[in-house]
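J.: build me a structure from this.
(chains A and B)
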Protein chains: 2
Amino acid sequence: MALGSRSSIDGRGARTNIEGAFANRRKSNYYCATPTTVWRVGTTRRAETRGRCGGGNDGGSGGGRSMRVAVVAGSTATARIEGISAAGADPAVMAHTPSADCEIVAYGRPVRSPVVPVSPSGCPTPAVVTRAVRELAGFETVVIDAGLAEPTAAPTVAVDAEPGRDVRTGRAVPGAREIFTAAEEYGRSLPDDELVIGETIPGGTTTARCVLAALGERRATSSSLPENPIALKRRVVGEALDTAEIAAGGAAGTPIAAVRAVGDPVLAAVAGLVTGATAGGTEVTLAGGTQLCAAAALARHAGVDAPLSLATTSFLAADKSADVEGLADDLGLDLTVTDPGFDRESHPALDAYVAGEAKEGVGMGGALALAERRGIPMADVRDHVVTIHDRLLATGSGVES
Amino acid sequence: MALGSRSSIDGRGARTNIEGAFANRRKSNYYCATPTTVWRVGTTRRAETRGRCGGGNDGGSGGGRSMRVAVVAGSTATARIEGISAAGADPAVMAHTPSADCEIVAYGRPVRSPVVPVSPSGCPTPAVVTRAVRELAGFETVVIDAGLAEPTAAPTVAVDAEPGRDVRTGRAVPGAREIFTAAEEYGRSLPDDELVIGETIPGGTTTARCVLAALGERRATSSSLPENPIALKRRVVGEALDTAEIAAGGAAGTPIAAVRAVGDPVLAAVAGLVTGATAGGTEVTLAGGTQLCAAAALARHAGVDAPLSLATTSFLAADKSADVEGLADDLGLDLTVTDPGFDRESHPALDAYVAGEAKEGVGMGGALALAERRGIPMADVRDHVVTIHDRLLATGSGVES
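T.: Alright, predicted model coming up:
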């Protein structure tokens, strides 16, 4: 049986055994990427394309393959730990960041959220990039409310999630199984040929590191800050696992237990979504960095053998602490890195990314890969990012921030 | 000041005085349509276009005017009155109809809803037509949950609505003001240049007739049945107004009171949406028949003077009991009627409409007008309606219905 063929995917209606499935997972059946280290400006690098990404008119075209971008949005009290996250200038603003991100993807600017998500130095949220590509490529989107702390005007699908607790409690997501199951059922029911999944949750790189540690996977961790506060994150992860009484690798094969103890609700939802969508015959691309890798790890530990792709940005791929190639290799993810060429022009919205801020998020890497696939010039993407950024600042003047 | 110019619309931040505003409404400032009675297959008839519908690349194109289609979905116990509605074969199925409609618009088929909405004779929901145009034209959509009785997997925006009660209680929508206000705030915050509003609520033509009567407007009423059960509806309306102790026209100028007593939550939400969107500078097209006219009447009675358009289907316009031209004239709505030419081909999905079933709903008339505006041939729309209909029946075999 050819790896990656539809016949290797569980049929619709099959239910994945979540806990304990790890022992039976056939690691040899993972789709094995053979990543190289060379990529070019404006060019997407794929280990293999398997012909499934060739269609240029999928989504909203009436023909071809149907594709959807899901943004899974939530919150964790872990983000309130001083120095952990750049996703918002201060904790009060940060709580609104994922809600505002969803509105930017859905409407092009914050609608109900009283903030314009920018880092302390003025770097705009990667939601701007995802929206820019959406306006150019016209793909369909869905926002999954996986524990938003503040209301959003974006239309959402609920998975019965509450905001996550601080991982240092050792009981970060009490409803992990319910969230996973709701997202799994939703994912299984989707009619789409392809699902691209992004995330927005401040503090998410820290919870991702916790989960990778609990599962015994590579503890790579990116950051939305140019200087990753890695020592702080290590301390938090250590404290979380200690409190939860989980040794490194102690939650291998029990992904729900890992998320419940030291994860966040977005990880629970993405893992469920991946599990359900692949079981339903939908091809899944995880659009992001170490957070999406942690979700992929959870899905692998839940027994998901289906081919999975990871699409990320050149900014994230350049982050050695993220080690996204190592993670993709470990987890059998078909890696795509796309460089939007932000260094080719000078504008505050682009320069911050070149300087290493934000790097990825809200499906940015997946959106850029889609733009590439559909033949949309990266110069057009950059122009449109600048347009939306300037529109944000123009409308943001009257809001609290 | 030219009628219909932006300068005649309330500026952003202005708040419309809801109750009692009717006395001050400047009827002479309504945008006055001059409808004619001739239209052609595949051709949209507009009294005037005022140049605002010329753009063919709005929505998802990265340029031009931004446009969004909102589907306002809810329920009323009024639909359970025997013989009132065709929107579902039996009451248990009917409760799922609006939830399934929203999923069809969002995903192309029911996802979580266990039904495929068809009339007793097999006429597919007009959501199929709206979805068909969406797939061809790629416009952005939003679903407003205005009191759905059953869950939907479609992403939704909430306006804190509960399912509506039977109008014969005289207290049909206790939360009418809260729904109106939430929808108004949402509408006011939308960044779109243009908003097209459709509805899905079984029993909605009866509640619309109640509201028109309470406001003292023309009591025109369409039906999703080929033979409109008009005598039954008259009895229900009479009983509702009697119980509410509202004489015909007794709620003129007090739209919230009218909806609260004898309306439904979708009417409250659409009226709020219209009020907020026009106040925020967004041009509004009501896509539907007498239900959308009733919502327009509520908005007029709430003091909305802005130009409003009504886009409906030739099937609805041919329904004399609906008298949509009379309503549009009374309410100052710029009427557009679009004929998709379903009589040019023979297929069960099309024939039922030609025979007078369904007629309109879920934004069908607005979607057809958009297709026309963007130069999408009606033959392509028909082909795509058939494709989606056949897909529905293929996937519907395994579900309860």
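J.: by mean pLDDT, flag the weakest helix or strand of chain A.
T.: strand A:44-46 (a mean of 42; mean pLDDT, DSSP states H and E).
J.: for the helix or strand just after that strand, buried residues please.
T.: Reading on from strand A:44-46 to the C-terminus, the next helix or strand found by DSSP states H and E is strand A:67-73. Across strand A:67-73, burial judged by 16 or more other Cβ atoms under 10 Å in any protein chain shown covers A:Met67, A:Arg68, A:Val69, A:Ala70, A:Val71, A:Val72, A:Ala73. The C-beta positions use only the backbone N, C-alpha and C, and glycine is treated the same way.
J.: quick check, nearest of these to A:Pro91?
T.: A:Ala73 (17.4 Å; Cβ to Cβ).
J.: just the element for the nearest residue to the closest one once chain neighbours are set aside, please.
T.: Closest residue to A:Ala73 apart from its sequence neighbours, by Cβ to Cβ, 6 or more residues apart in numbering or on different chains: A:Pro98 at 4.2 Å. Element membership for A:Pro98 (DSSP H and E) is helix A:97-107.
J.: please apply the same query to A:Asp242.
T.: Using DSSP H and E, A:Asp242 falls in helix A:230-244.
J.: which other helices and strands contact that helix?
T.: Helix A:230-244 is packed against helix A:204-215, helix A:255-262, with contacts defined by 3 or more Cβ pairs under 8 Å, 6 or more residues apart in numbering or on different chains; DSSP states H and E.
J.: got the contact list for it?
T.: A:78, A:81, A:83-84, A:167-172, A:205-206, A:209-210, A:213-214, A:219, A:221, A:223, A:247-248, A:250, A:261-262, A:321 (Cβ atoms under 8 Å, 6 or more residues apart in numbering or on different chains).
J.: and the angle for that helix with helix A:255-262?
T.: 110 degrees (axes from the mean of the first three to the mean of the last three Cα atoms, to 10 degrees).
J.: which one of the buried residues of strand A:67-73 sits closest to chain B?
T.: Using Cβ to the nearest Cβ, A:Arg68 comes nearest to chain B of the buried residues of strand A:67-73, at 8.1 Å.
J.: near chain B, which residues of chain A are found?
T.: By Cβ under 8 Å from any Cβ of the partner chain, the residues of chain A that approach chain B are A:60-62, A:66, A:106-109, A:111-112, A:132, A:134-136, A:138, A:140, A:142-143, A:153-157, A:185-186, A:189-192, A:380, A:384, A:395.
J.: out of the residues you listed, which are buried?
T.: The buried subset of the residues of chain A next to chain B (16+ other Cβ under 10 Å) comprises A:60-62, A:66, A:106-109, A:111-112, A:132, A:134-136, A:138, A:140, A:142-143, A:153-157, A:185-186, A:189-192, A:384.
J.: out of those residues, list just those in helices.
T.: A:Ala106, A:Tyr107, A:Ala132, A:Arg134, A:Glu135, A:Leu136, A:Glu185, A:Tyr186, A:Ser189, A:His384 (DSSP state H).
J.: now those in JSON lines, with pLDDT and distance to B:Glu239?
T.: Below are those laid out as JSON lines (pLDDT from 0 to 100; distance: Cβ to Cβ, whole Å):
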{"residue": "A:Ala106", "pLDDT": "97", "distance to B:Glu239": "42"}
{"residue": "A:Tyr107", "pLDDT": "97", "distance to B:Glu239": "43"}
{"residue": "A:Ala132", "pLDDT": "97", "distance to B:Glu239": "55"}
{"residue": "A:Arg134", "pLDDT": "97", "distance to B:Glu239": "49"}
{"residue": "A:Glu135", "pLDDT": "95", "distance to B:Glu239": "50"}
{"residue": "A:Leu136", "pLDDT": "96", "distance to B:Glu239": "55"}
{"residue": "A:Glu185", "pLDDT": "97", "distance to B:Glu239": "42"}
{"residue": "A:Tyr186", "pLDDT": "98", "distance to B:Glu239": "42"}
{"residue": "A:Ser189", "pLDDT": "96", "distance to B:Glu239": "41"}
{"residue": "A:His384", "pLDDT": "97", "distance to B:Glu239": "56"}
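J.: for chain B, give me its nearest residue in the stretch 251-400 of chain A.
T.: Closest point on the stretch 251-400 of chain A to chain B, by Cβ to the nearest Cβ, is A:His384, at 5.8 Å.
J.: report the spatially closest residue to that residue, excluding sequence-adjacent ones.
T.: With Cβ to Cβ, 6+ apart, the residue lying closest to A:His384 is A:Ala132, at 3.9 Å.
J.: what residues are up against that neighbour?
T.: With Cβ under 8 Å, 6+ apart, A:Ala132 has these contacts: A:Ala367, A:Val381, A:His384, A:Val385, A:Thr387, A:Ile388, B:Gly62.
J.: and with 7 Å instead?
T.: A:Val381, A:His384, A:Val385, A:Ile388 (Cβ atoms under 7 Å, 6 or more residues apart in numbering or on different chains).
J.: so where is the stretch 301-401 of chain A shaky, pLDDT-wise?
T.: Counting by pLDDT under 70, the stretch 301-401 of chain A has low-confidence residues at A:396-401.
J.: again, only this time at 90
T.: Applying pLDDT under 90 to the stretch 301-401 of chain A flags the ranges A:321, A:348, A:356-358, A:392-401.
J.: closest to B:Asn228 out of the buried residues of strand A:67-73?
T.: A:Arg68 (39.1 Å).
J.: tell me the predicted confidence for that closest one.
T.: If you check A:Arg68, the pLDDT there is 97.
J.: from A:Ala161, how far off is it?
T.: 20 Å (Cβ to Cβ, to the nearest Å).
J.: do A:Glu245 as well
T.: From A:Glu245 to A:Ala161 the distance is 24 Å (Cβ to Cβ).
J.: before we move on, what about A:Gly365?
T.: Distance of A:Gly365 to A:Ala161, given as Cβ to Cβ: 24 Å.
J.: for A:Pro255, same thing?
T.: Relative to A:Ala161, and taking Cβ to Cβ, A:Pro255 is found at 16 Å.
J.: and the two? which has more neighbours close in?
T.: A:Pro255 (33 against 27; other Cβ atoms under 10 Å in any protein chain shown).
J.: go ahead and confirm that one touches A:Leu298.
T.: Yes: A:Pro255 lies in contact with A:Leu298 (Cβ atoms under 7 Å); the separation is 4.1 Å.
J.: would you convert the ones in helices among the buried ones among the residues of chain A next to chain B into a markdown table that also reports distance to A:Ala355?
T.: As requested, these are exported to a markdown table (distance: Cβ to Cβ, whole Å):
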| residue | distance to A:Ala355 |
| --- | --- |
| A:Ala106 | 28 |
| A:Tyr107 | 28 |
| A:Ala132 | 19 |
| A:Arg134 | 25 |
| A:Glu135 | 25 |
| A:Leu136 | 25 |
| A:Glu185 | 42 |
| A:Tyr186 | 38 |
| A:Ser189 | 42 |
| A:His384 | 21 |
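J.: sorry, back to before: list residues touching both of A:Pro255 and A:Leu298?
T.: A:Ala271.
J.: shaky segments in chain A?
T.: Applying pLDDT under 90 to chain A picks out residues A:1-65, A:82-94, A:115-123, A:219-229, A:321, A:348, A:356-358, A:392-401.
J.: one more pass at 80, please.
T.: Low-confidence segments of chain A (pLDDT under 80): A:1-64, A:85-91, A:118-122, A:395-401.
J.: ok, which stretches of it are strands?
T.: Here chain A has its strands, by DSSP state E, at A:44-46, A:67-73, A:140-145, A:156-158, A:194-200, A:283-287, A:308-313, A:333-338.
J.: I figured A:Val324 hits A:Thr312, correct?
T.: Yes: here A:Val324 reaches A:Thr312: they are 5.7 Å apart, a contact under Cβ under 7 Å.
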